[in-house]
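> Need coordinates for the following:
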Amino acid sequence: MRKILHAAAALALAAVAATTAGASGARAADGSWDGCPYGAVCIYPQDSDTSRPPTDVFWSYGAHNLRNQIGRHWVLNNQSGGAHAHLCTGSNGTACGEDLAAETGVYADLTPINSLTLDRP
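Got it, this is the predicted structure:
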């Protein structure tokens with residue numbers, strides 16, 4: 001009888017954990033968000049959702065020029081501590097517009113975007 005009670009308690013705990021994980025916005029225990037590692041900014045394949053792995057992952061602060069990114073893409077900012085990312089029409093982080101606060105994302109047309117920046121808080 002004791003084994004049955006332990007099994008039932010374990011099953012109930014697993015159900016609660018699964019419900020909590022589903023409500024967390026797809027964040028994993030390691031802080032990754034839909035495949036975007038914690039502390040990074042990620043670009044996903046054109047016209048896809050975030051179930052596929054990102055095509056580009058950026059870690060370092062500063063400007064990053066983009067190559068061959070046309071059409072609509074998900075861009076996730078999985079940085080922390082108030083770090084922002086900006087999408088820029090100029091190269092080397094110039095003419096920046098779209099501002100992505102930490103832990104936000106945008107589904108954007110990257111055709112006119114030539115670079116992005118990762119900015120310290």
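> Report the beta-bridge partners for the residue nearest the centre of the chain.
For the chain, the residue nearest the mean C-alpha position is residue 76 (3.4 Å; CA atoms, centre = their mean). Assessed by DSSP bridges, residue 76 has beta-bridge partners residue 42, residue 105.
> so who does it touch?
Taking CB atoms under 8 Å, 6 or more residues apart in numbering, we find residue 76 in contact with 33, 34, 36, 41, 42, 44, 50, 54, 104, 105. To be clear about C-beta, it is placed using only N, CA and C from the backbone, and glycine gets the same treatment.
> what does residue 119 give?
Contacts of residue 119 (CB under 8 Å, 6+ apart): 61, 83, 84, 85, 86.
> What is the nearest of these to residue 94?
Within the set of the contacts of residue 119, residue 86 lies nearest residue 94; the separation is 10.4 Å, counting by CB to CB.
> What strands flank the host helix or strand of that closest one, and is each parallel or antiparallel?
Using DSSP states H and E, residue 86 falls within strand 84-88. Using DSSP bridges, strand 84-88 pairs in its sheet with strand 96-100 (antiparallel), strand 115-119 (antiparallel).
> on that earlier part again, hmm, which two among the contacts of residue 76 are most spread apart?
Farthest apart among the contacts of residue 76 by CB to CB are 54 and 104. That separation is 15.5 Å.
> So those two - more neighbours on which side?
Using other CB atoms under 10 Å, the more surrounded residue of residue 54 and residue 104 is residue 54, with 22 against 14.
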